[in-house]
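Peer 1: Got a predicted structure here, sequence first:
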Amino acid sequence: MPDFKDVLPLDRIPPGKSTTVEVDGKTVALFNVDGTIHAIADACLHAGQSLGYGILQGKVVRCRAHGWRYDVTTGEIVGVPGSGVACYQARVENGQVQVAVA
């Protein structure tokens, strides 16, 4: 059973926005896509830049450093199936975003 941790209030990440949080020693990028929260590893595979501070368009985030694009619902690099960053379980309970990284 996943070990969900409270990471921030839902109102701190409105639809179309993203941020980063620390969960069990891992930096996680959070995205609100049309009211659904998605969580992936924060570091771009190309240069390690933050994806949580990338440019979110729909369900795709673009790394600000070199433009690599990731599907925030799966962590996959767009156009490169099977390649990407870790994708974590996220949910909202009682107004709190919760993430499980294990």
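Peer 2: Sure thing, it's come through.
Peer 1: Specify the beta-bridge partners of Asn32.
Peer 2: Ile37 (DSSP bridges).
Peer 1: same deal with Val92?
Peer 2: Note on Val92: beta-bridge partners by DSSP bridges are Val97.
Peer 1: Look at it and report its pLDDT.
Peer 2: If you check Val92, the pLDDT there is 98.
Peer 1: I'd like the numbering to begin with 6 instead of 1 from here.
Peer 2: That works, and once the first residue is 6, the last one we named lands at Val97.
Peer 1: Just the strands from this structure, written as ranges.
Peer 2: 10-14, 23-28, 31-38, 41-46, 60-62, 65-67, 74-76, 81-82, 85-89, 92-98, 101-105 (DSSP state E).
Peer 1: The third one - contacts with which helices or strands?
Peer 2: Okay, so that is strand 31-38. Packing partners of strand 31-38 (3 or more Cβ pairs under 8 Å, 6 or more residues apart in numbering; DSSP states H and E): strand 10-14, strand 23-28, strand 41-46, strand 101-105. In short, each C-beta sits where N, CA and C put it, glycine included.
Peer 1: quick revisit: would you single out the least confident of the strands of the chain?
Peer 2: Mean pLDDT values for the strands of the chain show the minimum at strand 85-89, a mean of 92.
Peer 1: partners of it, with directions?
Peer 2: For strand 85-89, pairing defined by DSSP bridges yields strand 81-82 (antiparallel).
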